[in-house]
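Engineer: please find the sequence and the predicted model below.
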Amino acid sequence: MEIRIYYEDTDCGGVVYYANYLKYFERARTQYLEERGVSVEGLMAEGMVFVVVHAEVDYRSPARYGDRLIVETVVSGRTAASVTFSHVIRERESRRVVVEGSAKLTVTNGNGKVKRLDKAMVAMLGASPAKRH
């Protein structure tokens, strides 16, 4: 997934504000699911809500206004009721690593009660992106 850095993404020093990387991770997870035919809105309608229970971010080098970043996302872990997504954000042209991180999400029923991942979701999480026609 590509992200273009706008002025609003930066701090007073012109560097991407540190918390914005968590937003970029969120966008990348949503795209990861959508590329596999899963709608977050559809999951919510079915009573399956993912909530972040742990996040880690390692800042490697600064991104600045005007940069274009690529977010690479993979599923790096899974239990019966959680999934961990790992992310690497690189500057598009140089491929320099800007940020690495992960987020562990637990599946809930929408009211905060933890539930197990169903078989279809487990299969989808390991699937390759759907081909676009």
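Structural biologist: That came through, no problem.

Engineer: so which bits of the least confident helix or strand in the chain by mean pLDDT are buried?
Structural biologist: Lowest by mean pLDDT, DSSP states H and E among the helices and strands of the chain is helix 119-125, with a mean of 83. Neighbour-count burial for helix 119-125 flags 121, 124, 125 (criterion: 16 or more other CB atoms under 10 Å). (Glycine included, C-beta is placed from N, CA and C.)

Engineer: nearest to residue 70, of those residues?
Structural biologist: The closest of the buried residues of helix 119-125 to residue 70 turns out to be residue 125 (CB to CB; 21.4 Å).

Engineer: quick one: which of the buried residues of helix 119-125 is nearest residue 56?
Structural biologist: residue 125 (19.4 Å).

Engineer: how about that closest one, what does it touch?
Structural biologist: 36, 75, 78, 83, 117 (CB atoms under 8 Å, 6 or more residues apart in numbering).

Engineer: hmm, the third one is touching residue 84, no?
Structural biologist: Yes: because the distance of 7.1 Å satisfies CB atoms under 8 Å, residue 78 is recorded as touching residue 84.

Engineer: quick one: low-confidence parts of this protein?
Structural biologist: 127-133 (pLDDT under 70).

Engineer: mind checking the longest helix of it?
Structural biologist: helix 20-34 (DSSP state H).
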